[in-house]
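[1] model this:
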Amino acid sequence: MWITRFLAGGSRRVSSPAESSPPPRGEPAASPAARAGRALPTGARDRCRGVFRHAGTVKPAFVLHEHHKPRHHFDLRLEAGGVLRSWALPKGVPSDSRRNRLAVAVPDHALDHLRYEDADKSIADIGWWEDEGGTERRLLFTLHGRESSVRYALIRTDRDWLLHRTKQQPT
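    Numbers count the residues shown, from 1 in each chain. Have a look, this model is predicted:
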């Protein structure tokens with residue numbers, strides 16, 4: 001599946017919501033499967049994903065987290081391959097098609113991070129996303145959030161990514 005290869009971006013570590021430190025000496029580290037969310041109890045995964053149903057099918061989730069510290073920025077997370085693929089958006093999401101925003105790939109997050117909030121992080125938007133095609137260097141997708149649907153393209157540059165709001169938007 002091309003989207004899995006596109007979003008993979010090499011070996012990316014999976015983070016938990018608490019961004020936990022290594023386990024104390026003598027305790028085993030969590031397995032990669034556990035960190036990727038595959039070891040979660042079925043009910044826990046269903047609570048993360050089951051909310052996002054459209055036309056009777058479960059859709060892959062997205063979340064836009066707003067971080068207030070250490071420096072104000074947003075994180076875009078797309079569910080793919082059993083994890084949340086993640087990009088930091090230092091200047092936020094583009095408000096129109098004339099401006100692109102830098103999107104820096106960051107470690108993948110476990111699915112339980114989907115609804116995670118704390119004193120420094122809140123959910124700016126949440127919902128499901130729809131793959132609208134692409135190539136190895138460009139992913140076209142629509143985010144179906146709480147109040148609206150917006151079409152974006154993630155474009156791979158040499159070192160980072162750009163998030164582009166497309167001119168043609170869903171009706």
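
[2] elements contacting the longest strand seen in the chain?
    Counting by DSSP state E, the longest strand found in the chain is strand 121-134. Other helices and strands packing on strand 121-134, by 3 or more CB pairs under 8 Å, 6 or more residues apart in numbering; DSSP states H and E, are helix 2-8, strand 61-67, strand 73-80, strand 138-144. Just so you know, the C-beta spots here come from the backbone N, C-alpha and C atoms, and that holds for glycine as well.

[3] pick out the shakiest of those, pLDDT-wise.
    The minimum mean pLDDT among the helices and strands packed on strand 121-134 belongs to helix 2-8 (a mean of 50).

[4] put together JSON lines for the helices and strands packed on strand 121-134, with mean neighbour count on each row.
    Converted to JSON lines, the helices and strands packed on strand 121-134 look like this (neighbours: other CB atoms under 10 Å):
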{"stretch": "helix 2-8", "mean neighbour count": "14"}
{"stretch": "strand 61-67", "mean neighbour count": "21"}
{"stretch": "strand 73-80", "mean neighbour count": "22"}
{"stretch": "strand 138-144", "mean neighbour count": "19"}
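
[5] state the pLDDT value of Thr57.
    Note on Thr57: pLDDT of 77.

[6] ok so, going back, export the helices and strands packed on strand 121-134 as a markdown table, with columns for distance to Thr166.
    Shown next, in a markdown table, are the helices and strands packed on strand 121-134 (distance: least, CB to CB, whole Å):
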| stretch | distance to Thr166 |
| --- | --- |
| helix 2-8 | 17 |
| strand 61-67 | 16 |
| strand 73-80 | 15 |
| strand 138-144 | 7 |
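
[7] helix/strand/coil for Ser112?
    For residue 112 the amino acid is Asp, not Ser. Here Asp112 is recorded as helix under DSSP: H, G, I helix; E, B strand; the rest coil.

[8] pull the number of nearby residues for it.
    When counting by other CB atoms under 10 Å, one arrives at 17 neighbours for Asp112.

[9] shaky segments in this structure?
    Within the chain, the stretches with pLDDT under 70 are 1-56.

[10] what sits opposite the nearest residue to Lys59 once chain neighbours are set aside in the beta ladder?
    Nearest-residue entry for Lys59: Trp128, 3.6 Å, with adjacent residues in sequence omitted and distances by CB to CB, 6 or more residues apart in numbering. With DSSP bridges as the criterion, Trp128 is bridged to Ala61, His144.
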